[in-house]
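Novice: my questions are about this predicted structure, shown below with the sequence.
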Amino acid sequence: MKTFSDNPGTTTVWLSGIAITLNLFVLLFLGFHTPLTLVEKLWALFNTFNILFLFVLLYNANMISFRVTLIPRKEQIKITILKREKQYLRFLISVHSQLNINTSLSDNFHRVFYQLNQLVPFSEVRIMLYHPPRKYHFEYRNNTLDTHLPRVQKWTLYDKRTFHGMIQILTYQGQPLSIYERNLIQSVVDALAKYLSLKNSVYQKIQQSISDDRKTISRDLHDTVAQSFLFLKIQINSLHFRTDKFSRAGLTALRIIKEELDIAGQQFREMLVSLQTEKNHHDLHESLKVLIKEFNHRLGFNIEFHYRITHQVIPIGHARHLIQIIREALNNCYKHANASWISIRIYPVGKKIITVISDNGRGMPQTLTEREHFGLAIIRERISLLSGQIKIKKRKKNGTEIEIQFPLQ
């Protein structure tokens, strides 16, 4: 609460005004109740005009004093604004630095909105990014409990060329955002839109380069190794017309060589198909559908496929290993299980991805053939590269169930 002592100039003006008012009152009182001569009356009238003139001077002095007191306040407001702008500028510089760190999208978003929450009061942030063919969802919440219904405010992630998604910020009902806070949020949204555009551009270039390399490798393998397989197969088949020159052991060895060569050729063709179908993690679902369609044709029945991955991002390397693991498991079912039903389920649990492959075949034998042992070794090796685990067990009725889980990094 302000008092007269807060401004000595104002105090002096008011005290002077009180004294002059009392003087004027005395003069007027004497003028009406005391007989005065003409000279005394003129003198009283002169004093009255002087007092009125002094009142005008005091009023002007008071206004000047008031304006003088406003100058420090304006300067203080300017200083406060400059401090806030400096703080906001440091924050925006930090945002650009954070976004340049090569970490996951969720980690980058969390750091940015955690720092923003230190400057702008809000209870929750929701980000919806539209990455075809599915959506990516992110949420940030602070630990403050708000008993009132929040106000939802929206911003668009758009960089003049690409629409990336929407940002919803839930603010407190009793604390509307100021124009400075809204401008700060808009600056953060613009920075995120540019970051996403740059990230997508770099990602597309990397994927195009990988795709070109795969096509080159596939073409080179087809022109070299595939031709060698074909030549060896022709030579082995020609030996069957000269069986009279082989002993029984030689014929057995020839048959084994032919079978192994057929298996190697089939696996080589599968590898060429894999090079053409493996794509980025956004196409993991489509790549698996292509793989399953291939085995549906080979098995003669449709594989049950349940894919429950929604917003979780599976890295490219993890997706590649997962495709090959499922391919090897299906290949084992096709060659050894004699199954009429196969099911594949892929779903998230916390920060892990679970893959379950079940069949109603003859089950896992007590002793594995060399080929079966080799296929299982390939699966275990790839799972170890994912820092994952594998469980193989017999189903209650019949058949085998393979459960694979690995963490998302």
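Specialist: Yep, it's here. Numbering: from 1, shown residues only.
Novice: relative to F406, how far out is L261?
Specialist: Here L261 is placed at a distance of 34 Å from F406 (CB to CB, to the nearest Å). Where you see a C-beta, it was placed from the backbone N, CA and C, and this is true even at glycine.
Novice: and for N62?
Specialist: Using CB to CB, N62 is found at 80 Å from F406.
Novice: neighbour-wise, which of those two wins?
Specialist: F406 (23 against 17; other CB atoms under 10 Å).
Novice: report pLDDT for the more buried one.
Specialist: According to the per-residue confidence, F406 scores 93 in pLDDT.
Novice: need the three-state assignment for it.
Specialist: Using DSSP: H, G, I helix; E, B strand; the rest coil, the three-state assignment for F406 comes out as strand.
Novice: and for L192?
Specialist: L192, by the three-state scheme (three-state DSSP), is helix.
Novice: which residues sit in contact with it?
Specialist: Counting by CB atoms under 8 Å, 6 or more residues apart in numbering, L192 makes contact with L99, F109, V112, L157, I167.
Novice: tell me the pLDDT of it.
Specialist: The per-residue pLDDT reported for L192 equals 88.
Novice: from the contacts of L192, which is closest to G350?
Specialist: Taking CB to CB as the measure, G350 sits nearest to F109 out of those, at 19.3 Å.
Novice: avg pLDDT for whichever strand or helix holds that closest one?
Specialist: Secondary-structure element containing F109, defined by DSSP states H and E: helix 105-117. pLDDT averaged over helix 105-117 equals 85, rounded to a whole number.
Novice: can I get the contacts of L192 in CSV including neighbour count and distance to S211?
Specialist: Shown next, in CSV, are the contacts of L192 (neighbours: other CB atoms under 10 Å; distance: CB to CB, whole Å):
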residue, neighbour count, distance to S211
L99, 19, 27
F109, 21, 28
V112, 22, 32
L157, 22, 27
I167, 23, 32
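Novice: got a list of contacts for the helix holding F109?
Specialist: Contacts with helix 105-117, where a contact means CB under 8 Å, 6+ apart, come from 91, 94-95, 98-99, 101, 125, 127, 136, 138, 140, 142, 184-185, 188, 192, 195, 199, 313.
Novice: which parts of it are buried?
Specialist: If you call a residue buried by 16 or more other CB atoms under 10 Å, then helix 105-117 has these buried ones: N108, F109, H110, R111, V112, F113, L116, N117.
Novice: any chance of CSV for these, columns distance to D244?
Specialist: Written out in CSV, the entries for those read as follows (distance: CB to CB, whole Å):
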residue, distance to D244
N108, 73
F109, 75
H110, 76
R111, 77
V112, 79
F113, 81
L116, 85
N117, 86
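Novice: hmm, which two among those residues are most spread apart?
Specialist: Set against one another by CB to CB, those have their most distant pair in N108 and N117, with a gap of 15.1 Å.
Novice: give the PyMOL command for selecting the buried subset of the contacts of helix 105-117.
Specialist: Per 16+ other CB under 10 Å, the buried members of the contacts of helix 105-117 correspond to this PyMOL selection:
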select buried, resi 91+95+98+99+125+127+136+138+140+184+185+188+192+195
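Novice: please flag which of the contacts of helix 105-117 sit within helices.
Specialist: Using DSSP state H, the members of those that fall within helices are F91, S94, V95, Q98, L99, L184, I185, V188, L192, Y195, K199.
Novice: name the nearest of the residues you listed relative to A319.
Specialist: Closest approach to A319 among the ones in helices among the contacts of helix 105-117 (CB to CB): K199, at 18.0 Å.
Novice: and the pLDDT at that closest one?
Specialist: 82.
Novice: quick check: closest non-adjacent residue to it.
Specialist: Of all residues not flanking K199 in the chain, L105 sits nearest, at 8.0 Å (CB to CB, 6 or more residues apart in numbering).
Novice: how near is that neighbour to V120?
Specialist: In this structure, L105 lies at 21 Å from V120, with CB to CB as the measure.
Novice: can I get the CA coordinates of the helix holding F109 in CSV?
Specialist: Below are the C-alpha coordinates for helix 105-117, written out as CSV (Å, rounded to 0.1, in the frame of the first residue of the first chain):
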residue,chain,number,x,y,z
LEU,A,105,12.0,-38.8,-31.2
SER,A,106,10.3,-39.3,-27.8
ASP,A,107,13.5,-38.4,-25.9
ASN,A,108,13.9,-35.2,-27.9
PHE,A,109,10.2,-34.2,-27.4
HIS,A,110,10.4,-34.9,-23.7
ARG,A,111,13.5,-32.8,-23.1
VAL,A,112,12.0,-29.8,-25.1
PHE,A,113,8.6,-29.8,-23.3
TYR,A,114,10.2,-30.4,-19.9
GLN,A,115,12.2,-27.2,-20.4
LEU,A,116,9.2,-25.3,-21.8
ASN,A,117,7.2,-26.3,-18.8
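Novice: quick one: that helix to chain centroid distance?
Specialist: For helix 105-117, the separation from the chain centroid amounts to 9 Å (computed by CA atoms, centre = their mean, to the nearest Å).
Novice: and the closest residue to L157 other than its chain neighbours, what element?
Specialist: With sequence-adjacent residues excluded and distances taken as CB to CB, 6+ apart, L157 is closest to H164, at 3.9 Å. In this assignment (DSSP H and E), H164 forms part of strand 163-171.
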